[in-house]
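Asks: sequence and predicted structure, then a few things I'm wondering about:
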Amino acid sequence: MIRPFAITLGVGTSRANHTGSWRVERPIYVDRLPPCNDACPAGENIQGWLYAAESGDYETAWRHLVEDNPLPAVMGRICFHPCETACNRATLDEAVGINAVERFLGDEAIAQGWALPAAGADTGKRVLVVGSGPAGLSATYHLRRLGHRVTIVDSAARLGGMMRYGIPAYRLPRDVLDAEIERILDLGVEVRLDHVVHDVEAERRDGDYDAVFLAVGAQLGKRVEIPAGDSSKVIDAVSFLHSVAEGATPQLGRRVVVYGGGDTALDAARTARRLGATESVIVYRRDRERMPAHSEELEQALVEGVTMRWLSTVDRLDGDRLVVETMRLNDQGFPEGTGEFEELGADALVLALGQDTDLSLLSGAHDVVVADGVVQVATSMMTGADGVFAGGDAVPDQRTATVAVGHGKRAAHGVDRYLRGDAPVATSRHALATFDRLNTWYYADAPRVHRPELERIRRQTNFEEVVGGLTEDNALFEARRCLSCGNCFECDNCFGVCPDNAVIKLGEGQRYEFNYDFCKGCGVCVTECPCGAIELVPEEI
Amino acid sequence: MTTTPVHFYQVGSFAVGNRLLGDAERTVQSSAQRTNSIDSGHRACQGCGEALGARYALDAAMRATDAQLVAVNATGCLEVFSTPYPETSWRIPWLHSLFGNAPAVATGVAAALRVKGRSDVRVVAQAGDGGTVDIGFGCLSGMFERNDDVLFICYDNEGYMNTGVQRSAATPPAARTATTVAAGPEPGNVFGQGKDLPRLAMAHDIPYVATATVADLHDLERKVERAMALRGARYIHVLVPCPLGWGSVSNETVLLARLAAETGIFPVFEAENGVVSAVSPIRRRTSVEAYLSRQRRYAHLFGDPGRPDIVARLQAMADANIERYALVNDDTRDDRATAVPS
């Protein structure tokens, strides 16, 4: 080749110079577990469905959601959202209103009539589900998707368990519950109502079921001996809420005292207000910080005129006078009596002191281990008896509807592996996406959109839903507040900030790839990734 | 479903891309079709701010001119690391002559294009701070004064870096370089020297002067686009952190540029016809320590006993910038920082 004078080399591109050889550390893309997903007892991929919701594709978002939880409109109302407690955005401004978006998606699905994914190919196996609360319904849904036939039985006249007979309608309107239950039944489920299972082994044998899932809940209100001249004035909260749910209007009188400090106590006190009690007082032996009820519910109760009597225990009921003893907390934080007594006027005393599980149906199942009043289960949710699984309030865990939904899913997969003869699989989790891994500069400051609440005066007299839903705009905004902790959301930052053009953009939904021929390992992409989805690892030399 | 404009996304308007926006509304850099004016394989150090700044600016200029662009380069890091013979990283028409004459060469290119009637082809000249504030300043001042149709971009890394980190007239006070050692009662570069090139450029009353950093891509691209929409002499001064010369870790290049702006040490503004027309307000005001302590060129200011008195003088300079350009002011709050429901 003839070259100009003094020119000995042909010019060419610098791409011949593979600067990747300079690298001592290489960036890699990772997926980390967002704290919301980590905290969700129902095992939802929250970040996954928020991601779909951000683009306004609510159906995709909902389909993502119901992969794990078939009751989003219900959970969007009654879940105590541990996800929001864990949310990294709380450190930045306020947690993302995950629960509100979940409810929006759930309501949208009902309004649009979206159907759940179809049942799986029939396996010919039959599973008995005892109890139709959140655990039973969740298990039914997941078992149907896995192709197993399900018979769900309940001692009550309608499906829903505590969602129908425990949670007041102002927190969970029944048409919402009905719609979500109906959608599960549409998958083809045999239902037997008003059917009490006395002996689970006999029931299994007679019905020729291959496996059983027990989701009997904790339906028995705990009683304590309280001296009372007229025992008809003492009622337990579970029975009280149950009868209200069935449409009765128990006449408790003008002054109602609720004894206990859990969410059920608040439900009872708020329900009493709605039934016309002018005074609704909660007596609790410890203080506000130690109250097991969720603070959101407490705040709503206080707004509605429920009053609290902290550090008090009920001593006796004497006619219409309730004698309470003032308590103080000792060094360990336990309440102890002070010997000081006071009288309160009370027309009725509602006991909300916790619930027990009725496990009499296990009398014939000798292999099932019961300890502390609950059924012991393995991680697959199988009890000591072969093919008998249990979940929800009847097993040792937190007693919330969301936990129960998670149990139902886990048990369904446990049943599936049991029926297929597969060994239980150990699931691994990604490392947690912690706040310190985020580069929050890139997130706009965006305060949370709060759901509207019914004006106080309206909710003292009726059972209308207290907390409203989000509008579409607000739901979209709220979804977009998600930081996508630990998982790439294709913001193009790594692609943009690389001084060596060593990031390849693969196109929408495909994320990116490093071009290690040219990546010098400077790590700018790692530092500038908003969500901490890139890590530097030592290069093997 | 009706489509509504995206008022807010997870990353507001600070990140490079946004999957919810159409391509036309995204940054040039977020596009897989961007020019990549400076290609892979260049020999800039790990985490080089200048390589990044040059690609940001030139890719934006390429889009603004519909790829009808000629770039003239002064001697400096950018020229050295991009064109070690026989390799070149440039994917655009590119011309290098001498260290000090880039503005004059660019003037010549612009004149030649005018003679040829090619008003569609635009000229960008680029140099480091040495080629701009020191060696090329005479030519540059002449280019400004004649209002020649050139956009001159200075990538300011505050020293002569590829020759071994010597002081330039853009090196900040107290910074250690090979020629301003960190010793004696006044360690590092002396206070009260150096040139503030953006203000000198404004003093020429040219149509457009702007400052920018590699930490705010949207701002930088918008300014290049604005500059290319105008004719006459235009000047953009881009702060480009240098891991080598600043003694910073390579992954903090963009972070340092951001801190320079957020502390007020490097005011980000634009001026038209000699008058400041807009500023980039500080979003999260930060004290200068956060910026200085990440750079070994300021290491002598920290530790025990350190030189808190010098840090205080640098803080006072940052505060003076904030006051001069009104960088902290409710009225100038960046719309991009706070999202509202659509």
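Replies: Good, I have the coordinates. Numbers count the residues shown, from 1 in each chain, chains lettered A, B, ... in the order given.

Asks: output the below-cut-off pLDDT ranges for chain B.
Replies: B:1-12, B:330-342 (pLDDT under 70).

Asks: does B:A71 sit in a helix, a strand or a coil?
Replies: strand (DSSP: H, G, I helix; E, B strand; the rest coil).

Asks: B:D66: neighbour count?
Replies: When neighbours are counted by other C-beta atoms under 10 Å in any protein chain shown, B:D66 registers 9. Bear in mind the C-beta positions are built from the backbone N, C-alpha and C, glycine included.

Asks: next, work out how far apart the residue nearest to it when sequence neighbours are not counted and chain A are.
Replies: In this structure, B:D66 finds its nearest non-sequential neighbour in B:D120, 7.7 Å apart by C-beta to C-beta, 6 or more residues apart in numbering or on different chains. Separation of B:D120 from chain A (C-beta to the nearest C-beta, to the nearest Å): 26 Å.

Asks: which of the three states applies to B:D120?
Replies: coil.

Asks: please apply the same query to the one 5 residues further on.
Replies: Classification of B:A125 using three-state DSSP returns strand.

Asks: go on, A:G532?
Replies: On the basis of three-state DSSP, A:G532 is classed as coil.

Asks: so it touches A:R32, yeah?
Replies: Yes - A:G532 lies in contact with A:R32 (C-beta atoms under 8 Å); the separation is 6.6 Å.

Asks: my guess is B:N251 contacts B:G47. True?
Replies: Yes - using C-beta under 8 Å, B:N251 is in contact with B:G47, at 6.2 Å.

Asks: up against chain B, what does the stretch 51-200 of chain A have?
Replies: Within reach of chain B by C-beta under 8 Å from any C-beta of the partner chain, the stretch 51-200 of chain A has these residues: A:E54, A:S55, A:G56.

Asks: end-to-end on stretch B:185-201?
Replies: End-to-end distance for stretch B:185-201: 34 Å, by C-alpha to C-alpha, to the nearest Å.

Asks: please apply the same query to stretch B:18-26.
Replies: Stretch B:18-26: ends 7 Å apart by C-alpha to C-alpha.

Asks: ranges for the helices of the stretch 201-350 of chain A?
Replies: A:237-245, A:263-274, A:295-303 (DSSP state H, counting those that start in this stretch).

Asks: quick one: the helices in the stretch 51-200 of chain A?
Replies: A:58-65, A:72-78, A:82-86, A:89-92, A:98-112, A:134-145, A:162-165, A:174-185, A:200-207.

Asks: picking that back up, highest average neighbour count across the helices of the stretch 201-350 of chain A?
Replies: helix A:263-274 (a mean of 26; mean count of other C-beta atoms under 10 Å in any protein chain shown).

Asks: sorry, back to before: what touches both of B:N251 and B:G47?
Replies: Jointly contacting B:N251 and B:G47 under the rule C-beta atoms under 8 Å, 6 or more residues apart in numbering or on different chains are A:C522, A:G523, A:V524.

Asks: out of those, name the ones that lie in helices.
Replies: A:V524 (DSSP state H).

Asks: and the shared contacts of B:N251 and B:G47 near chain B, which?
Replies: Counting by C-beta under 8 Å from any C-beta, the members of the shared contacts of B:N251 and B:G47 near chain B are A:C522, A:G523, A:V524.

Asks: measure the last one to A:V503 for me?
Replies: Think A:V524. 10 Å (C-beta to C-beta, to the nearest Å).

Asks: show me the shaky parts of chain A.
Replies: For chain A, the ranges with pLDDT under 70 are A:1.

Asks: domain ranges for it?
Replies: Domain ranges of chain A: A:14-31+A:488-538, A:37-114+A:442-479, A:126-219+A:357-420, A:222-354, per automatic domain parsing.

Asks: off-centre distance for stretch B:292-301?
Replies: 21 Å (C-alpha atoms, centre = their mean, to the nearest Å).

Asks: say whether chain A is contacted by that stretch.
Replies: No - judged by C-beta under 8 Å from any C-beta, stretch B:292-301 makes no contact with chain A; its nearest approach is 11.5 Å.

Asks: now A:G391: how far from A:E203?
Replies: Taking C-beta to C-beta, one finds A:G391 at 17 Å from A:E203.

Asks: what about those two, which has more around it?
Replies: Neighbour count, other C-beta under 10 Å: between A:G391 and A:E203, A:G391 has more, with 34 against 19.

Asks: measure that one to A:Q398 for me?
Replies: 12 Å.

Asks: helices along chain B, start to end?
Replies: Using DSSP H, helices in chain B cover B:49-64, B:77-82, B:102-115, B:129, B:137-145, B:197-203, B:217-228, B:243-246, B:253-263, B:288-292, B:308-324.

Asks: residue contacts, the residue positioned nearest the centre of chain B?
Replies: For chain B, the residue nearest the mean C-alpha position is B:V238 (0.7 Å; C-alpha atoms, centre = their mean). By C-beta under 8 Å, 6+ apart, the contact set of B:V238 is B:G53, B:Y56, B:A57, B:I153, B:C154, B:Y155, B:D156, B:T211, B:A212, B:T213, B:V214, B:L220.

Asks: just say which of the helices of the stretch 51-200 of chain A is most tucked in.
Replies: helix A:134-145 (a mean of 29).

Asks: can I get that one in PDB, CA atoms only?
Replies: Taking C-alpha atoms only, helix A:134-145 is exported to PDB below (Å, rounded to 0.1, in the frame of the first residue of the first chain):
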ATOM      1  CA  PRO A 134     -57.500 -16.000  53.900                       C
ATOM      2  CA  ALA A 135     -55.300 -19.100  54.400                       C
ATOM      3  CA  GLY A 136     -57.900 -21.500  53.000                       C
ATOM      4  CA  LEU A 137     -58.800 -19.300  50.000                       C
ATOM      5  CA  SER A 138     -55.200 -18.700  49.200                       C
ATOM      6  CA  ALA A 139     -54.400 -22.400  49.300                       C
ATOM      7  CA  THR A 140     -57.400 -23.200  47.200                       C
ATOM      8  CA  TYR A 141     -56.400 -20.700  44.500                       C
ATOM      9  CA  HIS A 142     -52.800 -22.000  44.400                       C
ATOM     10  CA  LEU A 143     -53.800 -25.600  44.500                       C
ATOM     11  CA  ARG A 144     -56.200 -25.100  41.600                       C
ATOM     12  CA  ARG A 145     -53.500 -23.400  39.600                       C
END
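
Asks: thank you, goodbye.
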